[in-house]
Every structure is written in C-alpha cells, then in structure tokens.
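In: Can you look at this prediction? I've put the sequence above it.
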Amino acid sequence: MYFPSFGGSSAVPSAALPNAIPKKEEDGESITGKCRLLQQQLQQQLQQQLQQQLQQQNWWEEAYQKKLQDQQRQNEEWLRQQHKQFLLQEEQRKKTEAEMLEMRRQQLREEKALEEKLQKEKIREEAKGRILQERENIDVHLRAMRARAAEERKTKLESLEKTFGSLGAAFSALLADKAKLTALVGSVTALAAGIYGARAAASIAARYVESRIGKPPLVRETSRWTFSLTLSCGRGEQQQQQQQQQQQRLLLQQQQQI
C-alpha cells in the first residue's frame, strides 16, 4: 500500500508497514488515554466550577439574607426612632396644651377678679353717690326745716312780743285803774267758781243718773279703760316719733362718718 509522502520525503517501503500498524495502535491507545484524562479533567473542572458556582450562590444568598437582615434591623431601628420621636412630640404637645390651658385658666381667673373688683368699685361709687345724694337731700331738708323753724320762731316771737306787749299795756292800765282791776279779779274768781261748780254739779248728776238707770259698773270701768288706752296710744305715738327722730340722727352721724 502506498502512502504519499509529505515534505518531499521518499515513500515508505511496504516492508515497513507491519511495524507501522502497531505504532498506530499505540498512538490510538495513547489518544484514548488522553481523551479519558481530558474527560476526567473536564469533569473535575466542571465539578469545581459547579462547586464554585454553588459556593458563590450560597455566598450571594447569605449576603442577600444578611443584607435583608441588616435592612430589617435598620427599618426596625428607624421605626423605633420614629416611635420615640412621636412619643416625644406627643408628650411635648400635651405639655404645651396643658400650659396653654393653665394660662387660659389663669387669664379667666384674672378677668374674673378684675370684673369683681370693678363691680365692687361700681357698687361702692353708686353707694357713695346715693349717700351723697341722700346727704344733700337731708341737708336741703334740714335747711328748709331750719328756715321754717326760724320763720316760725320769728313769727311766734313777734306774736308773743305783741301779746305780751298788749298784756303788759293792759296790765299796766289795770294797775293804773284800781276799779277795773277789782272788777277783773272778781270776774275771774266768779268764772273759776262757776267752772268748778258746773263740774261738781255734772258729776253729781251723772252719778245720780247712773244710780237711777242701773248701769253696770263694768261698763263704767270699760269707759275709763278706753280713755286710759287712748292716752297710752297717744304716748306710744309720741315715743315712736321720738325713736324715728333718733334713727334719723344716727343715720346722719353714720353718713357724716362715711
């Protein structure tokens, strides 16, 4: 069998072929061994790559889980900080509201105290005005009373002066005329005797009539009591008027003190 030569080499003789075939078989076995070795190496490389990929995947998964855990911790910490800040803000808000409420209450108390003070001052001024008005009215009334009393006193004094002057002139005239004086004394004596005699006669006549008619003594006593009560009522009215005058004087003194 002829094999062409490459590179200008001479042809291989046919006698050398039997020796060449075993060499090819050895080469085939060596190639097969190499292929197996390569296959084993490839399998090992694939296993190593697969193992590396698995390790890398596990690392990424662990890193991702760790990142998730860190993110969760950060979120929880942020939530805690937000909750803490919210509690602080809520506490500050409540404190501010309490302070504002207390300020409002204090303002209301001050306004109420000021209103009460103004009301008291108003009542005091009104009472003072009424007292001054009453004092002026009393002063006017007193001045009018004093003027009337002075006028009445003056009139009475003038009347008394005229009366006493007339009496003095008449008495002087009587003293000068003894006949008229004797007649006057006799007339006065006769008049007094007539009055007392008339009273005695009336009393005797009344007793006689009572004895004749038979009027019970209880009626007579009742009549006397009625007369006594009338006198006592008159005295009571006088006492009441005196008490009213005393009260008016006390009121005037109090107003003057005010």
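Out: Here it is on my side, so go on.
In: domain assignment for this protein?
Out: Under the assignment automatic domain parsing, the domains of the chain span 20-102, 178-221.
In: What strand or helix carries residue 52?
Out: Taking DSSP states H and E as the definition, one finds residue 52 inside helix 17-176.
In: same question, residue 182
Out: With DSSP H and E as the test, residue 182 turns up in helix 178-213.
In: Run through the stretch 101-250 of the chain and note the low-pLDDT ranges.
Out: Along the stretch 101-250 of the chain, the parts satisfying pLDDT under 70 run over 167, 170-171, 173-181, 184, 208-250.
In: now the domains of the chain as JSON lines including mean neighbour count and distance to residue 155?
Out: Every residue, glycine included, has its C-beta placed from N, CA and C. Converted to JSON lines, the domains of the chain look like this (neighbours: other C-beta atoms under 10 Å; distance: least, C-beta to C-beta, whole Å):
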{"stretch": "domain 20-102", "mean neighbour count": "10", "distance to residue 155": "77"}
{"stretch": "domain 178-221", "mean neighbour count": "10", "distance to residue 155": "29"}
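In: Mind putting the ones you listed into TSV with distance to residue 148?
Out: Converted to TSV, the domains of the chain look like this (distance: least, C-beta to C-beta, whole Å):
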stretch	distance to residue 148
domain 20-102	67
domain 178-221	37
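In: how about the ones you listed, which one is nearest residue 114?
Out: Nearest of these to residue 114, taken as C-beta to C-beta: domain 20-102 at 18.4 Å.
In: before we move on, back to that, quick one, which of the domains of the chain gets closest to residue 127.
Out: Across the domains of the chain, closest to residue 127 is domain 20-102 (C-beta to C-beta), at 36.8 Å.
In: Could you report the distance from residue 124 to residue 138?
Out: Going from residue 124 to residue 138 by C-beta to C-beta, to the nearest Å gives 20 Å.
In: now swap in residue 50 and tell me
Out: 128 Å.
In: same question, residue 130
Out: From residue 130 over to residue 138 (counting by C-beta to C-beta), the distance is 12 Å.
In: Between these two, point out the one with more neighbours.
Out: Higher neighbour count among residue 130 and residue 138: residue 138, with 15 against 10, using other C-beta atoms under 10 Å.
In: For residue 100, see how far away residue 64 is.
Out: 52 Å.
In: Hmm, I typed the wrong one, I wanted residue 194.
Out: Distance from residue 194 to residue 100, counting by C-beta to C-beta: 105 Å.
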